[in-house]
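Asker: I need the structure of the sequence given here:
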Amino acid sequence: MKKSLLLCLALFAGTQGAAQAADDSTMTIQRGAAKAFFCTDCHGYNGMGSATAPAIAGQSASDLLKKLRAYKKKPSSIKGAVLAKFDDNDLRDLAAYFGSLKATKNGEASYSRDIQPIISSRCLSCHTKEGEGADKSGLDMHSYDALMKGTKQGGALIVPGSPATSTFMIMLTRQDHLRMPYGQNALSHDEIRVIRTWIDQGAKNN
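Answerer: Numbering: from 1, shown residues only. A predicted model of the protein is given here:
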């Protein structure tokens, strides 16, 4: 009986420890996300990479941490100057965040990593099956396939490879009261840019 009780307690403690570790990891990633803008000016949206800096999204968190620590030791460099304000816990947060993201080719936008989170936070309050926007236009954005299907009036809103002729892009950037998201703040410059890049690269389900 005593052995069974001790075994149960040990299993419970192990479960609690695993849950706590998962919570700690989530918090670390969330803190890293809040600091990520210090890196994305050079390394692109969500660390997707740019013409001047490599992609860091999806790299091993331990490898990234080593690189960040090495850069911090070079305060005369641009990266070192940026990282000088961070302590080691900050570096761990950044490494955990970028390490948690999906890796793509340098400079390649990703639907799952970059586009879907924007849609989820800025569009789905209206454009789901039960939403007012979907009811009026037929545009349901809860999935990639639904987004690419478009509206019940005009059909597809996205022309892969052509952001300039994609109605979706036009609606996000127009300068009147019909700009989307309707009645809300406009998407940020970075959000617009990554959506434009994604469409230009073929609007893939990646």
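Asker: immediately after the helix or strand bottoming out on mean pLDDT in the chain, which helix or strand?
Answerer: When the helices and strands of the chain are scored by mean pLDDT, DSSP states H and E, helix 2-35 comes last with a mean of 65. Scanning forward in sequence from helix 2-35 by DSSP states H and E, the next helix or strand is helix 37-43.
Asker: from the contact counts, what lies against that next one?
Answerer: helix 78-83, helix 88-100 (3 or more C-beta pairs under 8 Å, 6 or more residues apart in numbering; DSSP states H and E). (C-beta placed from N, C-alpha, C; glycine too.)
Asker: and stretch 81-100, which residues are buried?
Answerer: 82-83, 86, 90-100 (16 or more other C-beta atoms under 10 Å).
Asker: other residues contacting that stretch?
Answerer: With contacts defined as C-beta atoms under 8 Å, 6 or more residues apart in numbering, stretch 81-100 is touched by 25, 28-33, 35-36, 38-39, 47, 56-62, 64-65, 68-69, 71-72, 75.
Asker: re the thing from before, need the least confident one among the helices and strands packed on helix 37-43, by mean pLDDT.
Answerer: The stretch with the lowest mean pLDDT among those is helix 78-83, at a mean of 89.
Asker: just the C-alphas of that one, formatted as CSV.
Answerer: The C-alpha trace of helix 78-83 is given here as CSV (Å, rounded to 0.1, in the frame of the first residue of the first chain):
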residue,chain,number,x,y,z
ILE,A,78,25.8,46.3,-35.2
LYS,A,79,24.4,43.1,-33.7
GLY,A,80,26.5,43.5,-30.7
ALA,A,81,25.3,47.0,-30.1
VAL,A,82,21.7,45.9,-30.3
LEU,A,83,22.2,42.9,-28.0
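Asker: dump the buried residues of stretch 81-100 into CSV; add distance to residue 134 as well.
Answerer: Below are the buried residues of stretch 81-100 laid out as CSV (distance: C-beta to C-beta, whole Å):
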residue, distance to residue 134
82, 42
83, 44
86, 43
90, 41
91, 43
92, 41
93, 37
94, 37
95, 39
96, 36
97, 32
98, 34
99, 35
100, 31
